[in-house]
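1. Generate coordinates for the sequence data below:
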Amino acid sequence: MSMMEALYLAFIALAGIGMGSLVTLMIGHIMSEHWLAPVRAEVEAAALTLPLLLLLGFVLAFGLDQIFPWIDERTDLPPMRAAFLSPAFFLIRSVIYLLASAAIAFWLIRTPHVRRASGIGLALMTPIMTLAAYDWVLSREPHWWSSLFGLAFAQSQILAALAGAILITVLGPHHAALKRMKSLERALLTLLLLTLWTWFAQFLIVWLTNLPNEVTWYLRRSDPWNSMLATAAFGLMVAAIVVLVPSGVSRVGMIVGSTLALMHHATHMLWILQPKGRASLLDLGLIVGIVVLWAVAFAVIMRNRPTYADEASEEP
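-> A predicted model of the protein is given here:
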């Protein structure tokens, strides 16, 4: 694995958490319910880290040829796709995705009209996250194109963001009363089921159409190592669902369910992204270092965010 590949994996993981947190925040504002309050500070802080990804993206811009095959191999792409995946146009779109997401996050934090801003923000984030999934992930194998992939990938990021926010909240010393977390637990369970169905629907469509380019995408992921990853990802998701299905809410159940959801997300993303080459200790150290820096930034932002404890304690 090259250094750029390691940076790419860290970028996708952190961009997914940031954008997923932003969407989670906006959905909570639009629903005008108190269920968001226990994790509102966490998702706000994660969304506010999005500007940091511009720095990481700037470094990645100098190594696109090590990440995306279409940079050097363009002759066999369909004309429209070749034009869409031109390096300059790709970089312009990527900057727009990050700048627009960061601007929406800061707007939501500062405006008193959060519901109206969230409606506009969701309308903008839907194409942003969909196109970002196509550009940053699907174009790694540019001969395959799926109209459902962007939605499925975005749902996975929202799932990871919500699971992470719940885990941080429940493990914290001043978490909300468990009865205030019940709606969050149900939301996490719903997202798990919806994500499972969306990815299965994509597989079912590919299986029914049986087109060579689409089938090849799955065949590349059917060797023993990838089969093990896929089995682990499915098993972890099912385990998380089983833990969260029983009625009632418990601190242990939420910790275990959220952890299993995050473990599913990590293995599933590895299966999708297909890192090139084996990771060396230097690569792993680079990824861990970037994640630690992000975590420090997240902690600093969290320190300056209100806890919304009073809102969390109110009865709906």
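
2. Helices along the stretch 51-200 of the chain, start to end?
-> With DSSP state H, counting those that start in this stretch, the ranges of helices along the stretch 51-200 of the chain come out as 79-84, 87-110, 114-136, 149-171, 182-209.

3. where does the chain dip in pLDDT?
-> Low-confidence segments of the chain (pLDDT under 70): 32-33, 73-75, 174-178, 247-249, 307-316.

4. Tell me, how many residues neighbour the closest residue to Leu85 other than its chain neighbours?
-> Sequence neighbours aside, Trp70 is the residue nearest to Leu85 in space, at 4.9 Å (criterion: CB to CB, 6 or more residues apart in numbering). In this view, the C-beta of every residue, glycine as well, is placed from N, C-alpha and C. Counted with other CB atoms under 10 Å, residues neighbouring Trp70 total 22.

5. what do you get for Val300?
-> Using other CB under 10 Å, Val300 is surrounded by 12 other residues.

6. State the distance from it to Phe84.
-> As judged by CB to CB, to the nearest Å, Val300 and Phe84 stand 38 Å apart.

7. Leu55 too?
-> Distance, Leu55 to Phe84, using CB to CB: 26 Å.

8. same check, this time on Asn226
-> Using CB to CB, one obtains 28 Å as the distance from Asn226 to Phe84.

9. now do Val39
-> According to CB to CB, Val39 and Phe84 sit 37 Å apart.

10. more neighbours, these two?
-> A count of neighbours by other CB under 10 Å puts Val39 above the other of Val39 and Phe84, at 30 against 18.

11. Quick check, that one in contact with Thr169.
-> Yes. Shown here, Val39 and Thr169 form a contact pair, counting by CB atoms under 8 Å, at 5.1 Å.

12. Might you report the residue contacts of the most centrally placed residue in the chain?
-> In the chain, the centroid-proximal residue (CA atoms, centre = their mean) is Gln157; its distance is 2.2 Å. For Gln157, the contact set (CB atoms under 8 Å, 6 or more residues apart in numbering) comprises Gly16, Ile17, Met19, Gly20, Val23, Met129.

13. Kindly recompute the last result at 6 Å.
-> With contact taken as CB atoms under 6 Å, 6 or more residues apart in numbering, Gln157 is in contact with Gly16, Met19, Gly20.

14. nearest to Leu193, of the residues you listed?
-> Leu193 has its nearest neighbour among those in Gly20, at 17.0 Å by CB to CB.

15. from the chain's centre, how far out does the helix or strand hosting Trp271 sit?
-> Secondary-structure assignment from DSSP states H and E places Trp271 in helix 251-273. Centroid separation between helix 251-273 and its chain, computed with CA atoms, centre = their mean, to the nearest Å, is 12 Å.

16. and the angle for that helix with helix 182-209?
-> Taking axes from the mean of the first three to the mean of the last three CA atoms, to 10 degrees, one finds helix 251-273 and helix 182-209 inclined to each other by 30 degrees.

17. Any buried residues in helix 251-273, and which?
-> 253-254, 256-273 (16 or more other CB atoms under 10 Å).

18. after that helix comes which helix or strand?
-> Downstream of helix 251-273, the next assigned helix or strand under DSSP H and E is helix 281-303.

19. Show me what that next one is in contact with.
-> By CB under 6 Å, 6+ apart, the surrounding residues in contact with helix 281-303 are Met1, Ala6, Ala10, Leu14, Ala45, Leu48, Thr49, Leu52.
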